[in-house]
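1. Sequence and predicted structure below; questions after.
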Amino acid sequence: MLRSKTQANINVKAETFTQKINHQLSELTMIVKCSPRPSLAMVFPNKIAAAQYTNKTLNFVAYEYLDEENKTKFMWLHKNISIDRNDEKFEIISIGLNSSLSVKNITQMDFGEYSVKVSNTIGEYIHHYMLQAEEKPDVPINLTYKSGSITKSSVTLVWTPGFDGGFPQTFILLYQYNQEEKWHSVQVQDTNEQAMDYTLTGLLSSKVYYITMFAMNKKGNSSYTQNLQITTKINVKTADSQSSDNVGIIGGSISGVAVVMIVSILLAAFFLKRRNIRSSQRESPKQGVIAGSHVSSTYTDLDASRREINNYDDFNVTYEHLNASTRAQNTYMELKNTNVPNADTSDYVNIRI
């Protein structure tokens, strides 16, 4: 098995090489040669910011590999022109697999592209840098969410930081759901990692959210990323509660309708019975109390149908024949020579003088 180093000792069992090594263990040395490449342990940004009239150093570290001693060469270039090691504007230091270039007292003419060419007996590798003035940060790259991270109240976002403009940068996350006008914001500090992530919490369940972000430093703000759209998962408890509420509302409505119907039936029966009683009373008029030939029933006790009959024509005595003094006393007097109807006919007359 090969190790991470380019030189390794390998033990092989005798059975593998029976005919060649005659059942004996042998030690093999394997030497691997390759062209230069950047060290996996280092991060080399493509953009580097610097202020005018300051110094800035560019570094490169090659991946560890085995080659002939002192065969690794470094060459630094500015705008594709080789930099003279004797130029006082620059300082180049190369030791083993490491090399650096320092740019002194930077002016506007010093900004631009720099590159380092690393070569050995196998091949070469070129790495590019962009030295530029300090400025606003670049927009963050590839804003998205981590697969499987969306819950009913949270989501984990991931993105790649852009160039910081030469200053520490902060990321501003903005989010809103589709029925809301206000944008909410969260600040996330740059950790100088190649990939950033942040878990956004406190979201509402079963909502469509729009998310965007930008970067800021002391020079200003970057532009916004494109909107990212997510939908939070439904809250199972809330859904069950809403279903129960709906069932309760339906049950309550049905119960209310039933109560109204019962009350309506009772009221209808009550009024129907009352109307029947009144109708029966009209068909059987009340009888007055008769003592001898005197009538004690009042006019109001007579049935309306009876009152409508004019019975005054049955009497022979007229109003003018009554004694004047009797009229003045406002009393009831017995009428003579008057045929009082038989009680069986239920005709009652009460005349008040």
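-> Right, received. Where do you want to start?
2. Below-threshold pLDDT in the stretch 201-350 of the chain: ranges please.
-> The stretch 201-350 of the chain contains residues with pLDDT under 70 at 237-257, 277-350.
3. hang on, I meant the stretch 51-200 of the chain
-> Within the stretch 51-200 of the chain, the segments meeting pLDDT under 70 span 66-69.
4. 50 instead?
-> The stretch 51-200 of the chain contains no residues with pLDDT under 50.
5. Which residue ranges of it form strands?
-> Remark: strands assigned in the stretch 51-200 of the chain by DSSP state E, counting those that start in this stretch are 56-61, 73-78, 81-82, 90-95, 98-103, 112-119, 124-133, 141-145, 155-160, 170-177, 184-189, 196-200.
6. Does residue 196 touch residue 159 like I think?
-> Yes - assessed by Cβ atoms under 8 Å, residue 196 is found in contact with residue 159 at 5.5 Å. All C-beta atoms are positioned from the backbone trio N, CA, C, and that covers glycine.
7. Name the residues contacting each of the two.
-> Residues within reach of residue 196 and of residue 159 at once, by Cβ atoms under 8 Å, 6 or more residues apart in numbering, are 140, 171.
8. partner residues bridging the closest residue to residue 186 other than its chain neighbours?
-> The shortest distance from residue 186 to any non-neighbouring residue, by Cβ to Cβ, 6 or more residues apart in numbering, is to residue 173 (4.4 Å). With DSSP bridges as the criterion, the beta-bridge partners of residue 173 are residue 186, residue 213.
9. Check the gap between residue 173 and residue 114 for me.
-> To residue 114, residue 173 is 34 Å away according to Cβ to Cβ, to the nearest Å.
10. Equivalent analysis for residue 129, please.
-> 4 Å.
11. list the residues that contact both of the two?
-> residue 58.
12. so which of the strands of the stretch 51-200 of the chain comes closest to residue 233?
-> Shortest distance between residue 233 and those, using Cβ to Cβ, is found for strand 155-160: 9.9 Å.
13. what packs against the closest one?
-> If you count contacts as 3 or more Cβ pairs under 8 Å, 6 or more residues apart in numbering; DSSP states H and E, strand 155-160 packs onto strand 141-145, strand 196-200, strand 208-217.
14. Kindly recompute the last result at 6 Å.
-> Packing partners of strand 155-160 (3 or more Cβ pairs under 6 Å, 6 or more residues apart in numbering; DSSP states H and E): strand 141-145, strand 196-200.
15. quick one: which of residue 196 and residue 159 has more around it?
-> Between residue 196 and residue 159, residue 159 has the larger neighbour count (other Cβ atoms under 10 Å), namely 23 against 19.
16. Contacts only, for the more buried one.
-> Contacts for residue 159 were tallied using Cβ atoms under 6 Å, 6 or more residues apart in numbering; they are 140, 142, 143, 196.
17. so which of those residues is the most crowded?
-> Result: residue 140 is most packed of the contacts of residue 159 (other Cβ under 10 Å), 25 neighbours.
18. Pull up the gap between that residue and residue 176, please.
-> According to Cβ to Cβ, residue 140 stands 18 Å off from residue 176.
19. do the same with residue 74
-> To residue 176, residue 74 is 52 Å away according to Cβ to Cβ.
20. For the closest residue to residue 122 other than its chain neighbours, the count of nearby residues, please.
-> Distances taken as Cβ to Cβ, 6+ apart place residue 35 nearest to residue 122, at 4.5 Å, with adjacent residues excluded. Neighbour count of residue 35, defined by other Cβ under 10 Å: 16.
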